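Novice: Please work out how this folds:
(2 chains)
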Amino acid sequence: MVKRIAFINGTLITPFREISKGFIIIKDNLIEKIGQMGQLEGTTFPENTHIIDVNGLYVSPGFIDSHLHGAFGGSAMSATEKDLQIMAQGLVQCGTTSFLPSTLSAPWDKVTGAVDCISGVMKRDLQGARILGIHLEGPYINLEQKGAQNPEYIYSPAPEQYLPLLNNYPEIIRVTSAPEIPGGMELAQELRRRKIVAAIGHSSATYQQVLQAIENGYSHVTHMFSSMSSIKRINGYRISGVIESTLLLDELTTELIADGHHLPPSLMKLALHCKGMDKVCLVTDSMAAAGLGPGKYELGGLEVIVESDIPQEFEILTQENNYVAKLIDHSSFASSVSTMDKLIKNMIRHCELSIREAVQLVTYNAAKIQHLEDEIGILAENKRADIAVFDNNLDIKITVVNGSILYMDFIY
Amino acid sequence: MRTILNNGIIITPIRIIKNGGIIIEKNSIVNLFDQSNDIKFGKSDQIIDVKGHYISPGFIDIHTHGGFGYDYLDGSVESIIKASEGHMRYGVTSIVPTISSAPLEKIMNVLDCFKEAKLKNLNGPNLLGVHLEGPYFSFEEKGAQDPNVIRKPVKEEYMKILKHSNDILRWSIAPEIEGALELGRILTKRGILCSAGHTNAFYDDMLEAYENGFTHITHLYSSTSMVRRINAFRYSGVVESAYLIDEITVEIIADGKHLPTSLLKLIYKIKGPDKICLITDSIRAAGLPEGEYIRPDGHKFIVEDGVAKLKDRTSFAGSIATANKLLQTMMNYTGISLQDSIKMFTLTPARIMKINQYKGLLAPGKDADIVVFDGDLNIKLVMVKGNIRFYSN
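Specialist: This is a model prediction of the structure:
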């Protein structure tokens, strides 16, 4: 028997427009219809429709996190189904309906083990947010821009190493690498042939190298401002780096770790100002401690500390329960411990975005960057029914994944 | 007697008039015309056929230290006049002589020289007023400024300077140093353009600086702070602030050396032609051959590859560009239109210096400060307030 869910009296964020007093009907795993309540007058819902009056709450596409390493104690590198299950179940409580588990620079058998586990899990049904595919972040990055990647396991890309991996695991849909290292351009050509998103990251590329990178297939820039080159002086002359190139070149999309620690509002605003509202998405880049409390954790074999300490001078003053992971010597951030709902809140609170704009960054834009906008990221007929329902304060009330309600705030 | 420049491509610069002409009487522009207007020339009219060349407002350089062997800090009337006349031959009709960080007596002396130079300036461009670049700067961002004279603003000292001269038009100061904001307010009250330069400010400092009158940024990217990391946290600097505070105007050394194409494009993309002006920031060696030179403060520098460098070649020591070089850079390397490039060297600096009522635009009633040049930016004719001061075949 056909089952339907109808959310009525919601404020729909499609995310291109807001429909106040709207409804949305889900049939199986797809969106069947959206519209204004007025259109429903004189009609009745078919039998077996589960009608939920959301009473003014926001209803938007589910959030898409295209870059995270772990959350709620689970880690993508653990190569266990249990960890992925923990992540999927935790994320769904934050409005995230799909994500790309991301690997880190590690011994090659550990990377392949993690990839193998994730691809296996993808063939079964996880209870929680859906895995869209795998994101390889490293090991093909520049040692100069290692950030919190383990320097022992950073290599130049060699086809004899990556080709078997790409052949065996079509679930890999995004790779972050440094175009300027030996083999970095050839890697992008291979990725382009396979329609895998090639992202510039942990890179010291110059402007000229970024232009070449675009020609070779790089289309995205991983965590803007983090672990990438800026202007260098060589005998007085200024050489633009990845930051300036990303701000200038319309061909590149990018992502912001909007956790309130990695970037001050001025830099997030600058990225939006230069790139426009269509070419930026938000990512958590979170590690296993996301959603948990402060303390000591491990990331890709490196010890990290999770704490909330923000200096007085920082543009955002200390917020309670807003943590970040740092390398043990405090020299660098080591992933965020944030969740999607918090990122959206940060953009609204610190960058003066409207709720609609902030939601666009984590839905349509994220889908578009991954070439999945035909399927997810928009509330429209025949799109997949991945939906988040939340209040003004971004408290998630209901999350629907693939047509099933997987989370409902018990208070609601 | 009227002078008529006929048969040119006029860049006003808010529009382009093909096959156009300009009627000039005494010091001012009477009218613009094109072929559709039925213009009758009188017998006494001096008609100049510019043969299809471009006609634009004369260039306005609001930041130059000299050229052609002279530095404005030399402390002589002759230097001021000669350097300015030299730049005029490259299309500059209005100039803001700029003096670097110096001891008080030297500043006073140059201001006296400037007063006299204005009276004796019969064949040069308009000498608009003086730009004091320093000495109230940040040590961290001193660039090629003399570190021995860089200091905090002392009210007694700057009030003395302000009382001594009415010719100060702009002052570059690091807003984050102690006492700078008070000076900013005082300058603003007097109508003097207050500019953030040689500054290590944070974003928050820049917001406060803007509120206190710092509406312009001196040579963006040169001696201005950028994002810094402190214990992993990122702090935006002057460059990011310039991009985020829409109202703030900037100037760029478009000599093709100080800023690469990518940065020229990025600044243009974000700030647009109404917020950017081109400057030469040229020094004594502009217009002279490459080699070794001595600055007014005694330091040696070298000129090679079309730019001046400190002797150890670690940093630039100013540009040797002439005005036309800036426009050549914009045209040949950035893809920015000639019209917008001209705007950034005429109307925008006029607006920033608050002289746009008279200058920066070819329109009836404006001063007849006009330059004629060919497609390669070779200067053919320079007119200052209706007088032809330079002419070349």
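Novice: now the helices for the chain?
Specialist: Going with chain A. Taking DSSP state H, the helices of chain A run over residues A:81-92, A:108-122, A:159-168, A:184-193, A:207-216, A:242-248, A:265-275, A:340-351, A:355-362, A:364-369.
Novice: looking at chain B here, not the other one
Specialist: Secondary structure of chain B (DSSP H): helices at B:77-88, B:104-120, B:155-164, B:180-189, B:203-211, B:238-244, B:261-271, B:323-329, B:338-343, B:347-352.
Novice: Of those helices, which is nearest B:Leu5?
Specialist: Closest approach to B:Leu5 among those (CB to CB): helix B:338-343, 15.9 Å. Every C-beta, even on glycine, is put in place using the N, C-alpha and C of the backbone.
Novice: what sits against the residue nearest to A:Gly291 when sequence neighbours are not counted?
Specialist: Leaving out its chain neighbours, the residue that sits closest to A:Gly291 by CB to CB, 6 or more residues apart in numbering or on different chains is A:Phe72, at 4.4 Å. Counting by CB atoms under 8 Å, 6 or more residues apart in numbering or on different chains, A:Phe72 touches A:86-87, A:89-91, A:288, A:290-292.
Novice: can we see that at 7 Å?
Specialist: Counting by CB atoms under 7 Å, 6 or more residues apart in numbering or on different chains, A:Phe72 makes contact with A:86-87, A:90, A:290-292.
Novice: Out of those, which is nearest to chain B?
Specialist: Nearest to chain B among the contacts of A:Phe72 is A:Ala290, at 17.7 Å by CB to the nearest CB.
Novice: Distance of the closest one relative to A:Thr97?
Specialist: Going from A:Ala290 to A:Thr97 by CB to CB, to the nearest Å gives 16 Å.
Novice: Distance of the closest residue to B:Met88 other than its chain neighbours relative to B:Trp171?
Specialist: Nearest residue to B:Met88 in three dimensions, chain neighbours excluded: B:Pro125, at 4.3 Å (CB to CB, 6+ apart). Taking CB to CB as the measure, B:Pro125 falls 21 Å from B:Trp171.
Novice: How about B:Asp205?
Specialist: 17 Å.
Novice: what do you get for B:Pro289?
Specialist: Applying CB to CB, the value for B:Pro289 to B:Trp171 is 33 Å.
Novice: and what of A:Ile141?
Specialist: From A:Ile141 over to B:Trp171 the distance is 46 Å, taken as CB to CB.
Novice: between these two, who's got more neighbours?
Specialist: A:Ile141 (29 against 26; other CB atoms under 10 Å in any protein chain shown).
Novice: got a list of what the more buried one touches?
Specialist: The contact partners of A:Ile141, by CB under 7 Å, 6+ apart, come to A:105, A:149, A:154, A:177-178, A:201-203.
Novice: Contact residues of the stretch 251-393 of chain B facing chain A?
Specialist: Selection of the stretch 251-393 of chain B residues close to chain A by CB under 7 Å from any CB of the partner chain yields B:259-260, B:262-263, B:265-266, B:269-270, B:309, B:313-316.
Novice: which residues touch A:Asp53?
Specialist: In this structure, A:Asp53 makes contact with A:8-9, judged by CB under 7 Å, 6+ apart.
Novice: and the gap between it and chain B?
Specialist: For A:Asp53, the distance to chain B equals 43 Å [CB to the nearest CB, to the nearest Å].
Novice: Which residue, neighbours along the chain excluded, lies closest to A:Leu406?
Specialist: A:Val92 (5.0 Å).
Novice: Show me the shaky parts of the stretch 51-200 of chain A.
Specialist: Nowhere does the stretch 51-200 of chain A drop to pLDDT under 70.
Novice: again, only using 90
Specialist: Along the stretch 51-200 of chain A, segments meeting pLDDT under 90 span A:124-127, A:148.
Novice: repeat for chain B
Specialist: B:1, B:35-42, B:143-146, B:231-232, B:293-301, B:309-318, B:393.
Novice: Domain ranges for it, per the record?
Specialist: Domain assignment for chain B by automatic domain parsing gives B:2-56+B:363-391, B:59-352.
Novice: now the ones you listed in a markdown table, with distance to A:Leu343?
Specialist: Listed next are the domains of chain B as a markdown table, based on distance: least, CB to CB, whole Å:
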| stretch | distance to A:Leu343 |
| --- | --- |
| domain B:2-56+B:363-391 | 43 |
| domain B:59-352 | 17 |
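Novice: Which among these is found nearest to A:Leu211?
Specialist: Nearest to A:Leu211 among the domains of chain B is domain B:59-352 (8.9 Å), distances taken as CB to CB.
Novice: start to end distance for the closest one?
Specialist: 14 Å (CA to CA, to the nearest Å).
Novice: Excluding residues flanking it in the chain, which one is nearest residue 229?
Specialist: Because you didn't say which chain, this covers chain A. Setting aside the residues directly before and after it, A:Ser229 is nearest to A:Gly241 in space (CB to CB, 6+ apart), at 3.0 Å.
Novice: wrong chain, I was asking about chain B
Specialist: Excluding its sequence neighbours, the residue lying closest to B:Arg229 (CB to CB, 6+ apart) is B:Tyr235, at 7.8 Å.
Novice: which intervals of the stretch 301-412 of chain A have sub-threshold pLDDT?
Specialist: A:301-302, A:307-324, A:328-332, A:334, A:410-412.
Novice: again, only this time at 50
Specialist: Low-confidence regions of the stretch 301-412 of chain A, defined by pLDDT under 50, are absent; no residue qualifies.
Novice: how about the residues of it that lie near chain B?
Specialist: Counting by CB under 7 Å from any CB, the stretch 301-412 of chain A comes close to chain B at A:311, A:313-315, A:326, A:330-333.
Novice: what about stretch B:285-294, how long is it end to end?
Specialist: End residues of stretch B:285-294 are separated by 9 Å (CA to CA).
Novice: now it, how far from the centre of its chain.
Specialist: Its chain's average C-alpha position is 20 Å from that of stretch B:285-294, according to CA atoms, centre = their mean, to the nearest Å.
Novice: Same check on stretch A:47-60?
Specialist: Its chain's average C-alpha position is 27 Å from that of stretch A:47-60, according to CA atoms, centre = their mean.
Novice: returning to that earlier point: in JSON lines: the helices of chain B, plus mean neighbour count.
Specialist: Output for the helices of chain B, formatted as JSON lines (neighbours: other CB atoms under 10 Å in any protein chain shown):
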{"stretch": "helix B:77-88", "mean neighbour count": "23"}
{"stretch": "helix B:104-120", "mean neighbour count": "17"}
{"stretch": "helix B:155-164", "mean neighbour count": "13"}
{"stretch": "helix B:180-189", "mean neighbour count": "19"}
{"stretch": "helix B:203-211", "mean neighbour count": "20"}
{"stretch": "helix B:238-244", "mean neighbour count": "24"}
{"stretch": "helix B:261-271", "mean neighbour count": "21"}
{"stretch": "helix B:323-329", "mean neighbour count": "24"}
{"stretch": "helix B:338-343", "mean neighbour count": "22"}
{"stretch": "helix B:347-352", "mean neighbour count": "24"}
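Novice: who wins for proximity to A:Pro170 among these?
Specialist: Proximity to A:Pro170 (CB to CB) singles out helix B:261-271 among those, at 36.4 Å.
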